[in-house]
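Participant: Okay, predicted coordinates and the sequence, questions at the end:
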There are 2 protein chains.
Amino acid sequence: MTPGPGVARTVLPKKFQVSGVNSGVRRYRPDLGIIISETPAVAAGVFTLNECKAASVLYSKSILPASNIRAVITNSGQANSATGQKGVEDNFRMAAAVAQSLGCDTHQVLTASTGVIGVPLEIEKIVQNIPELVERRGVTAEPFALAILTTDLVPKTVSTEVQLENGSVRITGIAKGSGMIHPNMATMLGYFLTDAEMPQGLAAELLRNANDISFNQISVDGESSTNDCAFFLANGASGVAISSDSDRSVFQKALNEVAIFLAQSIARDGEGATKLIEVNIHGSPDLALARKAARGLVMSPLVKTAIHGEDPNWGRILARLGADSVPMTLLNQMTLKLQGTTVFSDGAPQVFDIQGVRDQLKSDEVVIDVHLNGGPYSTSAWGCDLSKKYVEINAEYLT
Amino acid sequence: MTPGPGVARTVLPKKFQVSGVNSGVRRYRPDLGIIISETPAVAAGVFTLNECKAASVLYSKSILPASNIRAVITNSGQANSATGQKGVEDNFRMAAAVAQSLGCDTHQVLTASTGVIGVPLEIEKIVQNIPELVERRGVTAEPFALAILTTDLVPKTVSTEVQLENGSVRITGIAKGSGMIHPNMATMLGYFLTDAEMPQGLAAELLRNANDISFNQISVDGESSTNDCAFFLANGASGVAISSDSDRSVFQKALNEVAIFLAQSIARDGEGATKLIEVNIHGSPDLALARKAARGLVMSPLVKTAIHGEDPNWGRILARLGADSVPMTLLNQMTLKLQGTTVFSDGAPQVFDIQGVRDQLKSDEVVIDVHLNGGPYSTSAWGCDLSKKYVEINAEYLT
């Protein structure tokens, strides 16, 4: 995998192009981005479970899965959520303007928005800039990755080549997380592009699987946005199809890696974050329990503040696991490790080198391992520490 | 109601006495408290749902409901949670020492603990000080309320007289919430004492009802402790029984008021709190939905930081309601008020005096009213704002 946006550029799969411009909604930064497939692509999406869904979410969800998608347009700065009928109309105008520029049907264009809730889109500015946006397209991911940022500090892109039975295909991932310019919801947007060829149903399944173990396993602050979505576009331009179970499993593995890389990048860049927290639950009798427990730990303000303070306060971890329904029997037989050091096992606190662990917690990556010793299921989740900066970002900015 | 601990003392119901001493576990402050009923009392309890339960919780839960309780002993500083078999034995020794001093059976003594998780009780110090603790008992609630504090800033007591058909009875409530001396879990302990006479089943029901609309509706940080519990003791010493449906409803109402007063006191005194947040959900089609929605708002870090910043950022409220499963149809018909000012209704943002609301948010009590206009159920929840101080308290103290 070649993570962007270092010196190397993030190369897109064949016949995908992207672009980003400033439409004038935000003062200086690019605020409008587009992904274009030269040929119609199979596409699938996963969307926020929030009952309050942005206009773009309602629209894109109604279209997907599909086999003829030509573009995804995304604006940043205004979420177009809680904006009533006008929001629905503005969103449609944004898609229609792209369709006109590309010479395709409006329903071949997906939309996503991120920004402040309850503020209408500045749709005239957006629509006026779409021809230029489409014209400027190029074959590296960065211009789009930059245009969709709100308050992220770092654009998030990654690209990988996958060897299938009949040739190689490329997967590129692009995402945004949370930030600080006009804090509102930590909207998560994800885009996976590939030139592999596959049917619509398979695309949906591959995306769902990858999403479950990546984006669904991160938390910055436990808040679920009205605008979250992840798209997967497969345009078949490589001429290589997923043609066997083995291909499928190789491709799923690569897509999972791309998704986890992006998920970690989002967690690491959470509002006010100074550390990436990785939680690994091992040996659970039940996958759902493992996922809940892992997510619970990366959401816990007491665990997050302890790690921010580089304090091996394992009692908080134990208490949170119990609060998230890990049965007493499992808690009594588990082994709990902080940065590799056992702090609790056999139902009792273990003597450990507190200062040693404190030193290890100074790292900008903290790993918590929970061995439940009760079954075959394992899972991971990622989050960040909770700092005063998070409070500052979210309390000191005004609406 | 006479809230303590101002100039007035909080008078206990007849034949209840309390006491508090410093046993030497903590440096200066009282750390051991007892409630004694001169005659055996009917008693009920509600306990944390955390799978990881402190030794005192497992013990007291196994005894209740009961009709012969003589005392509740409570230590602060050490939670006696995640302490294995030794914790179970220490807890029993604490109860047994009280029983010996009072000349009753060990199972007539309830226990509760609050403090650091994973640290054994300093049981010798505790046991040695029990005779003095029992000897010092008196008829006002404050010495006990002070002894159970960990990092609360304010002892929490309240007392009220209730007129029943055959005479008057008294209800006294005492509670502790979260604090900052050795931060760990925001353990919530609650004690309701009355000299009314009632059967065991009724005591359990009255407590459950009061608890559901008070302690179960507060949140400081969304963390559920291993030690939370609330006890209700009724010793019948007034000679006045709850003898009719009307008595029962009068008593329940008074008990609810006492419980809500204590719950608000806990929320107001949450770690780092500068404001009490009250959320009222009106017109819900379903009580469980109303409770979830109300709790969700007082738990939301984005709502809590916005209020800390005195910012009328209503989009965060809407988004959180949606995340907590309030259906889109209800969100579209709801009226949302901040400090009495309508900011969202009829599915669309409303024009309002932003500076005016910002000024109203400077108050140390912030009220959010959500009118769902969809049914007969209403409920309230209480919490506090999220400040940098919360992060400081929980990150900068070391284990």
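Facilitator: Right, received. Where do you want to start? Because the structure is predicted, anything quoted here is derived from the model rather than measured. Numbering: from 1, shown residues only, chains lettered A, B, ... in the order given.

Participant: tell me the contacts of the residue of the stretch 101-250 of chain A found nearest chain B?
Facilitator: As assessed by CB to the nearest CB, chain B sits closest to A:I117 within the stretch 101-250 of chain A, at 3.0 Å. Quick note: C-beta positions are derived from backbone N, CA and C, even for glycine. Residues in contact with A:I117 (CB atoms under 8 Å, 6 or more residues apart in numbering or on different chains) are A:A79, A:S81, A:A82, A:N184, A:M185, A:T226, B:G315, B:R316, B:L318, B:A319.

Participant: and the second one, what does it touch?
Facilitator: The contact partners of A:S81, by CB under 8 Å, 6+ apart, come to A:C52, A:K53, A:A54, A:A55, A:G87, A:S113, A:I117, A:G118, A:T226, A:N227, B:G315, B:A319.

Participant: same thing but 6 Å
Facilitator: By CB atoms under 6 Å, 6 or more residues apart in numbering or on different chains, the residues touching A:S81 are A:A54, A:I117, A:T226, A:N227.

Participant: out of these, which is most surrounded?
Facilitator: If you count neighbours using other CB atoms under 10 Å in any protein chain shown, the busiest of the contacts of A:S81 is A:A54, which has 33 neighbours.

Participant: The spatially closest residue to that one that is not a sequence neighbour and B:G315, how far apart?
Facilitator: Nearest non-adjacent residue to A:A54, counting by CB to CB, 6 or more residues apart in numbering or on different chains: A:S81, 3.7 Å away. From A:S81 across to B:G315, the span is 7 Å (CB to CB, to the nearest Å).

Participant: likewise A:P199?
Facilitator: Distance from A:P199 to B:G315, by CB to CB: 39 Å.

Participant: who's more crowded, the two?
Facilitator: B:G315 (25 against 14).

Participant: Could you say which helix or strand holds the more buried one?
Facilitator: Following DSSP states H and E, one finds B:G315 within helix B:314-323.

Participant: what's the pLDDT at the residue of the stretch 101-250 of chain A closest to chain B?
Facilitator: Per-residue pLDDT puts A:I117 at 83.

Participant: Identify the residue nearest it in space, chain neighbours excluded?
Facilitator: Among residues not flanking A:I117 along the chain, B:G315 sits closest, at 3.0 Å (CB to CB, 6+ apart).

Participant: Please list the residues of chain A that sit near chain B.
Facilitator: Taking CB under 6 Å from any CB of the partner chain as the test, the list of chain A residues beside chain B reads A:50-52, A:82, A:84, A:117-118, A:184-185, A:221, A:223-224, A:226, A:301-302, A:305, A:308-309, A:311-313, A:315, A:318-319, A:322-323, A:326-328, A:331, A:347-349, A:388, A:391, A:394-396, A:398-399.

Participant: Remind me which helix or strand A:Y390 belongs to.
Facilitator: helix A:388-396.

Participant: before we move on, which element is A:V343 in?
Facilitator: A:V343 belongs to strand A:341-345, assigned by DSSP H and E.

Participant: The closest residue in space to A:P349 that isn't next to it in sequence: what's it in contact with?
Facilitator: Nearest non-adjacent residue to A:P349, counting by CB to CB, 6+ apart: B:G118, 4.8 Å away. By CB under 6 Å, 6+ apart, the residues touching B:G118 are A:G315, A:P349, B:A82.

Participant: Same check on A:T194?
Facilitator: Here A:T194 is in contact with A:P13, A:V169, A:I171, A:A234 (CB under 6 Å, 6+ apart).

Participant: Show me which positions of stretch A:248-260 end up buried.
Facilitator: The neighbour-count check on stretch A:248-260 (16 or more other CB atoms under 10 Å in any protein chain shown) flags A:R248, A:V250, A:F251, A:Q252, A:A254, A:L255, A:N256, A:E257, A:V258, A:A259, A:I260 as buried.

Participant: From the chain's centroid, how far away is it?
Facilitator: With CA atoms, centre = their mean, to the nearest Å as the basis, stretch A:248-260 stands 15 Å off its chain's centre.

Participant: ditto for stretch A:10-20
Facilitator: That offset, for stretch A:10-20, works out to 19 Å (CA atoms, centre = their mean).

Participant: Could you do stretch A:274-284 as well?
Facilitator: Put simply, stretch A:274-284 sits 17 Å off its chain's centre (CA atoms, centre = their mean).

Participant: Next secondary structure element downstream of the helix or strand of chain A with the lowest mean pLDDT?
Facilitator: Lowest by mean pLDDT, DSSP states H and E among the helices and strands of chain A is strand A:2-3, with a mean of 52. For strand A:2-3, the following helix or strand on the C-terminal side (DSSP H and E) is strand A:16-21.

Participant: Next secondary structure after that following strand?
Facilitator: Note on strand A:16-21: by DSSP H and E, the next helix or strand toward the C-terminus is strand A:32-47.

Participant: separation between the closest residue to A:A196 other than its chain neighbours and B:K15?
Facilitator: Closest residue in space to A:A196, ignoring its immediate chain neighbours: A:V169 at 3.8 Å, by CB to CB, 6+ apart. Separation of A:V169 from B:K15 (CB to CB): 81 Å.

Participant: Looking at these two, which has the bigger crowd around it?
Facilitator: The neighbour count for A:V169 versus B:K15, taken as other CB under 10 Å, is higher for A:V169 (29 against 17).
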